[in-house]
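Trainee: Let me see the structure of the following:
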Amino acid sequence: MRSKWPTTNPVNEFELIHQYLKQPEPPHSEVRVGHGDDCAVFSVRPTHELCVSVDATLEGRHVPMGTSGDLFAQRAFRRALSDLAACGATPKYLLSSLSSVDFAPDWIRAFGETLHALCRQWGMTVLGGDLSKGPTAAHLTVFGEVPVGQAMTRRGAQAGDAIVYFGRDCGGARAYLEVLSGRAAVPVWQTRYWFPEPQCALGEQLRGHATACLDVSDGLLQDLMHVLNAALSPLCAELRSDAVPMCAGMVEAFGATEALRMALTGGDEYALIATLPQADPLVAGGHVLGTLSTSQVPCLSLDGHRISVAEWAGWDHSR
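Mentor: Here you go, the predicted structure:
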């Protein structure tokens, strides 16, 4: 058990929280109790529902060892926010549980300053959190709101729907892992990896239009399979390889076949996949990857050929 008495460390846990992790601006008017108490207290508008998600970013697992505090915060925040985008929620609040190997003030300051800057950018309030010593990791809990009954889910896809990818391109974050291992390097890959762009505004637009939606975090095909498994009746996603929006430089670096495989299974895109009626006007704002058809069992097809489980498998924390 940790001692409750002051230590001889130059900067202790509470000083670090107060200096670098506490919300520097006044909170939203809905926040009754914020930083500095045992619980945060905030009100929820009766016309809206609350969406909550938690996401972990671990050093050596989700980011390379030795990642700076600012880049760690960028990736952790953007990964977490993407889950709100997937259900069409407007971002509101954030809780941060941070663990640090050595409590280095400069690292925690960089993390905190970046986290607060991102919250200002997205109109969010940091409600509080926790700081402890341990393997470097950030567990971020994000809260958003949607009008009652309008939250998007993975359920609801229907035969005849278009499968639409909403994001800049695909595969760049996966390609950056090859940069880390000493292979080819293209500057845009680094941007895609460290600064994924959560599609929150687009998620809000898709409310009432998309029959199903989720974010691409573990691999485009694997995530799309979640939509198929959640559908009320068996569906097959019939995809076209020439419709996949490949990130710049991938085909030149890895060849067409390997580049396509990385784009379809690599993950870390934090774009959105939505299924929409083909006549919906929002279809034109994304990349139409294919259509859904009736099937005996949920399945994926690429250019007319069934894709096996091994071919569509993406990121899995158990491996």
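
Trainee: tell me the mean pLDDT for stretch 281-290?
Mentor: Mean pLDDT, computed over stretch 281-290, is 97.

Trainee: Contacts for it, please.
Mentor: 162-167, 202, 205-206, 209-210, 237-240, 243-245, 273-274, 276 (CB atoms under 8 Å, 6 or more residues apart in numbering). All C-beta atoms are positioned from the backbone trio N, CA, C, and that covers glycine.

Trainee: for this protein, what helix or strand is lowest in average pLDDT?
Mentor: Here the helix or strand of the chain ranked lowest by mean pLDDT, DSSP states H and E is helix 13-16, holding a mean of 50.

Trainee: All the strands of the stretch 201-319 of the chain, residue numbers only.
Mentor: 212-215, 235-239, 272-276, 287-294, 299-302, 305-306 (DSSP state E, counting those that start in this stretch).

Trainee: One more: the stretch 51-200 of the chain?
Mentor: 90-100, 125-133, 137-147, 162-166.

Trainee: Could you pull up the residues touching residue 90?
Mentor: So residue 90 contacts 84, 144, 145, 146, 200, 204 (CB under 8 Å, 6+ apart).

Trainee: Swap in 7 Å and give it another go.
Mentor: Contacts for residue 90 (CB atoms under 7 Å, 6 or more residues apart in numbering) come out as 144, 145, 204.

Trainee: Not counting sequence-adjacent ones, nearest residue to the first one?
Mentor: It refers to residue 144. Leaving aside its chain neighbours, residue 144 sits nearest to residue 89 (2.9 Å; criterion: CB to CB, 6 or more residues apart in numbering).

Trainee: how close does the one you found sit to residue 82?
Mentor: 11 Å (CB to CB, to the nearest Å).

Trainee: cool, and residue 111?
Mentor: 19 Å.

Trainee: Can you give me the buried ones in stretch 127-140?
Mentor: 127, 128, 129, 131, 136, 137, 138, 139, 140 (16 or more other CB atoms under 10 Å).

Trainee: Between the two ends of it, how far is it?
Mentor: 11 Å (CA to CA, to the nearest Å).

Trainee: Show me how far it is from its chain's centre.
Mentor: 18 Å (CA atoms, centre = their mean, to the nearest Å).

Trainee: Please apply the same query to stretch 69-84.
Mentor: Computed by CA atoms, centre = their mean, the chain-centroid distance of stretch 69-84 equals 7 Å.

Trainee: Any chance you could list what contacts it?
Mentor: By CB under 7 Å, 6+ apart, stretch 69-84 touches 51, 53, 55, 57, 63, 91, 107-108, 110-111, 114-115, 118, 122, 138, 140, 142, 144, 194-196, 198, 200, 215, 217, 270.

Trainee: change it to 6 Å
Mentor: Applying CB atoms under 6 Å, 6 or more residues apart in numbering, the contact partners of stretch 69-84 are 53, 55, 57, 63, 91, 107, 110-111, 114-115, 118, 138, 140, 142, 144, 194-196, 198, 215, 270.
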